[in-house]
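# Give me the fold of what follows.
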Amino acid sequence: MEDILYCKDLHEPIEGVKAKPEGTSDANRKKMNRKAINHIQKWMDHSVFHHVANETDAHELWKKLESLF
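Numbering: from 1, shown residues only. Model prediction:
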C-alpha cells in the first residue's frame, strides 16, 4: 500500500509531513490527505475498516493500521 501511495504522490500525508512544501496551499494539502485516506480505505478489508472508519488524518490512520498489524 505504501508503494502505491508513493506512485500516486500521496505519501506525504501518511508520513506526517507537517511542514508545508513550498507552493502547496492548505486546500491542496487537505485534498491530498483526503485522497490518501480514500485510497487506503478502498483497498481495506471490511473487517479492518470499522477500526479506522472515523479517522480524518491520513497519518493517524496509517499509525493505527500499523498498530493493528
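# Going by C-alpha atoms from here, please, whenever you check contacts or count neighbours.
Noted.
# And the residue most central in space within the chain, how close does it get to residue 39?
Closest residue to the average C-alpha location of the chain: residue 58 at 3.0 Å, with C-alpha atoms, centre = their mean. For residue 58, the distance to residue 39 equals 10 Å [C-alpha to C-alpha, to the nearest Å].
# Just the CA atoms of whatever helix or strand residue 13 lives in, as CSV, please.
Here residue 13 sits within helix 11-15, counting by DSSP states H and E. Output in CSV follows, covering the C-alpha atoms of helix 11-15 (Å, rounded to 0.1, in the frame of the first residue of the first chain):
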residue,chain,number,x,y,z
HIS,A,11,2.9,9.6,0.6
GLU,A,12,3.3,12.9,2.5
PRO,A,13,0.1,12.6,4.5
ILE,A,14,1.0,9.2,5.8
GLU,A,15,4.5,10.3,6.7
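# and after it, which helix or strand comes next?
Using DSSP H and E, the first helix or strand after helix 11-15 is helix 26-42.
# next one: that next one to chain centre, how far?
6 Å (C-alpha atoms, centre = their mean, to the nearest Å).
# Residue 60 - nearest residue in space that isn't next to it in sequence?
Once flanking residues are discounted, residue 60 sits nearest to residue 14: 7.6 Å by C-alpha to C-alpha, 6 or more residues apart in numbering.
# what's the pLDDT at the one you found?
Note on residue 14: pLDDT of 88.
# how far away is it from residue 53?
16 Å.
# So which of those two has more stuff around it?
More crowded of residue 14 and residue 53, by other C-alpha atoms under 10 Å: residue 14, with 19 against 11.
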